[in-house]
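S.K.: Just need the structure, nothing else, for what follows:
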Amino acid sequence: MKRELIFEKRKKARSLHAKGWSCRKIARYLVAGVDSVRKWVKLNESELQTDQRGWEKGKLRKHEQTEATRIVKIRKDLEAENSYFIGAKVVQKNYINQFNETVPLWFVNRVLQENNLVKSPTKKPKKRSRYMQYPEETLRKFGKTVMSADFIGPKYLKGSDKRINFLSCKYLRPMQHGIVKRVEGQTTSEALRVLKEVWQHYPLPDAIKLDNDSAFGANLSHKESIGQLPIALLNLGVTPVYVAPRSPWNNGDVEGFNSIFSKKFWSKLKFNNEEELSVEIKKFNVEYEKYTNLVANNSTLESPRYLDDVESSKLNNRSVEGFGAQRIIFLRIVRRKGEKEGENERGFIEILGREVELPKAYINLFTFCELQVKEKRLRVKVEEPDGKLTQIKSVGYKLKNVKYEG
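M.R.: Next up, the predicted model:
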C-alpha cells in the first residue's frame with residue numbers, strides 16, 4: 001500500500017473517531033482491519049506520518065535474508081552438479097525438501113533475478129485462437145492418459161555430415177514425463193520401434209497427438225488410406241489425433257519439450273562422438289523425469305496399461321473388428337476456395353488426400369473431425385463457446401487399406 005494512502009487513512013480514522021464513530025464502523029468505511037483502526041486512533045499528530053513497517057524500503061527483512069542466502073546456495077549447488085534443470089520451480093521444491101519450510105515462487109524468482117541467476121520470465125499469450133474456435137475444451141477432456149510425439153532433426157556433430165535424428169515423446173497427463181530417443185531416420189518403422197520401447201516402461205495412452213508427417217501415416221499419396229502407424233495405434237487402443245497442418249502450436253507440449261531439449265542438451269553440450277551422445281541422452285531423460293516428478297505434481301493411474309498387456313499379434317492386424325480404438329481425430333482449419341465474397345467462394349478441409357466441402361461461414365475456423373473407422377464415416381464438428389461439439393457435416397470414407405469383417 002502506498003505511504004500516502006495509509007497516512008490519509010490514519011487521519012480519516014482519527015477524524016471519524018472524534019465524531020463518535022466506532023472502530024468497527026470506521027474499519028468497514030475505510031476497508032481496513034479493526035485492529036489497525038484501534039491503533040490509528042491512539043496515534044498522536046507526529047506518529048500519523050511515521051512509516052512503522054520496521055525496515056528500510058528495498059531491504060529484505062532478517063528472515064527473508066536467510067531464505068535468500070539458502071536459495072542462492074541451492075541454485076549454485078544445482079549448477080555445480082551440472083543439472084539440466086535449475087529454474088525457480090526446481091529451486092523452490094529443493095528448498096522445501098531441504099528445510100521443510102515453504103517459500104513462495106515469486107520470492108525465489110525475485111532472489112534469482114537480483115543475483116543474475118535467472119532470466120526474467122516472459123508471459124505467454126493465453127487462448128490466442130479462441131476466436132478461431134480451437135477445440136480447447138474438447139481436447140482438455142480427451143482421455144485420462146494423453147501424450148504427443150514429434151521428430152527432432154536432422155542434427156549434425158561437428159566435423160561429420162551424418163544425420164542424427166530423434167523422436168521426442170511427451171506425456172501431457174496425468175504425468176508430464178518427456179523422453180527423447182535416437183532414431184535412424186524419420187520413418188514409420190523407427191517411430192513404431194521407439195513408441196513400443198517407451199510403452200514397455202511407460203503407460204499406453206488413450207490418445208496421442210501427432211503432426212501430419214508422412215511417417216505418422218496421415219499424409220499418404222493413396223487417397224482415403226491410412227498408414228501403418230495409425231493402424232498399429234488403433235490395434236493398441238490408442239486414438240491418433242492429428243494436429244492442423246502448419247500449426248505447430250497445436251502440439252505445443254511436445255514442441256516446448258523439443259525446445260528444452262535443444263537449449264539444455266544439444267546446444268549446451270559438446271560431443272566428441274555418437275557414443276558420448278548416447279550416454280548423455282540417457283542422463284537427460286532421467287533428469288527430466290526427476291524434474292517433472294519434483295515440480296509437476298504428477299498423479300498416478302489406477303490401472304495403467306503397458307505394451308505387454310496387449311497381444312503382440314494385434315500389432316499387425318488390419319481388421320476393424322480387432323481394433324482396440326475405433327476412431328482417428330483430425331484438427332483442421334477450414335480454408336477458402338474461390339474468390340473472397342465471390343459466387344464460387346466455399347470452405348474446405350483436406351483429410352487423407354480428399355477434400356471435404358464446408359459452408360463458407362466456417363472459413364478460418366477450426367474443426368474437430370472424427371473418422372469413425374467401423375462406420376466408414378467422417379464427422380466434422382466445431383466447438384461452441386460453451387465447450388460442446390456441434391456436427392456440421394457427415395460424409396462416407398472408404399479407407400481402402402483397412403479390412404472390414406461381417
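S.K.: Okay, buried residues for stretch 30-39 please.
M.R.: Leu30, Ala32, Ser36, Val37 (16 or more other CB atoms under 10 Å). (C-beta placed from N, C-alpha, C; glycine too.)
S.K.: swap in stretch 131-146?
M.R.: Neighbour counts over stretch 131-146 (16+ other CB under 10 Å) mark Gln133, Tyr134, Pro135, Thr138, Leu139, Phe142, Gly143, Thr145, Val146 as buried.
S.K.: rewinding a little: tabulate the buried residues of stretch 30-39 (CSV), appending secondary structure, pLDDT and distance to Ser168.
M.R.: Below are the buried residues of stretch 30-39 laid out as CSV (DSSP: H, G, I helix; E, B strand; the rest coil; pLDDT from 0 to 100; distance: CB to CB, whole Å):
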residue, secondary structure, pLDDT, distance to Ser168
Leu30, helix, 87, 56
Ala32, coil, 84, 54
Ser36, helix, 85, 55
Val37, helix, 88, 59
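S.K.: Pull the most distant pair out of these.
M.R.: Comparing all pairs in the buried residues of stretch 30-39 by CB to CB, the longest separation belongs to Leu30 and Ser36, at 9.0 Å.
S.K.: if we can go back for a sec, out of the buried residues of stretch 131-146, who's nearest Val382?
M.R.: When the buried residues of stretch 131-146 are compared against Val382 (criterion: CB to CB), the nearest one is Gln133, at 5.4 Å.
S.K.: If we ignore the residues flanking it in sequence, what's nearest that closest one?
M.R.: Excluding its sequence neighbours, the residue lying closest to Gln133 (CB to CB, 6 or more residues apart in numbering) is Leu365, at 4.8 Å.
S.K.: That neighbour touches Arg335, doesn't it?
M.R.: No: taking CB atoms under 8 Å as the definition, Leu365 is not a contact partner of Arg335, at 10.5 Å.
S.K.: Do you have the helices of the stretch 51-200 of the chain handy? List them.
M.R.: Taking DSSP state H, counting those that start in this stretch, the helices of the stretch 51-200 of the chain run over residues 62-80, 88-99, 105-114, 136-140, 188-201.
S.K.: Does anything pack onto the longest helix seen in the chain? Which helices or strands?
M.R.: The longest helix of the chain (DSSP state H) is helix 274-295. If contacts are counted by 3 or more CB pairs under 8 Å, 6 or more residues apart in numbering; DSSP states H and E, helix 274-295 sits against helix 88-99, strand 164-173, strand 178-183.
S.K.: Please save the CA atoms from the second one in CSV.
M.R.: Same thing as strand 164-173. Only the C-alpha atoms of strand 164-173 are listed here, as CSV (Å, rounded to 0.1, in the frame of the first residue of the first chain):
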residue,chain,number,x,y,z
ILE,A,164,21.3,-37.5,-36.4
ASN,A,165,17.5,-37.7,-35.7
PHE,A,166,15.5,-38.1,-32.6
LEU,A,167,11.9,-38.9,-31.7
SER,A,168,10.6,-37.0,-28.7
CYS,A,169,7.6,-38.2,-26.7
LYS,A,170,5.9,-36.0,-24.1
TYR,A,171,3.1,-37.1,-21.7
LEU,A,172,0.6,-34.4,-21.1
ARG,A,173,-1.4,-36.2,-18.4
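S.K.: Comparing Leu365 and Arg335, which shows the higher neighbour count?
M.R.: Between Leu365 and Arg335, Leu365 has the larger neighbour count (other CB atoms under 10 Å), namely 19 against 15.
S.K.: Show the contacting residues for the more buried one.
M.R.: Leu365 makes contacts with Met132, Gln133, Ile333, Val334, Val382, as judged by CB atoms under 8 Å, 6 or more residues apart in numbering.
S.K.: Now do the last one against Lys398, distance only.
M.R.: By that I understand Val382. Distance of Val382 to Lys398, given as CB to CB, to the nearest Å: 25 Å.
S.K.: Farthest-apart pair in the buried residues of stretch 131-146, please.
M.R.: Between any two of the buried residues of stretch 131-146 (CB to CB), the greatest distance is 26.1 Å, for Gln133 and Thr145.
S.K.: host element of the residue nearest the centre of the chain?
M.R.: Nearest to the geometric centre of the chain sits Asp253, at 3.8 Å (CA atoms, centre = their mean). Using DSSP states H and E, Asp253 sits in helix 252-261.
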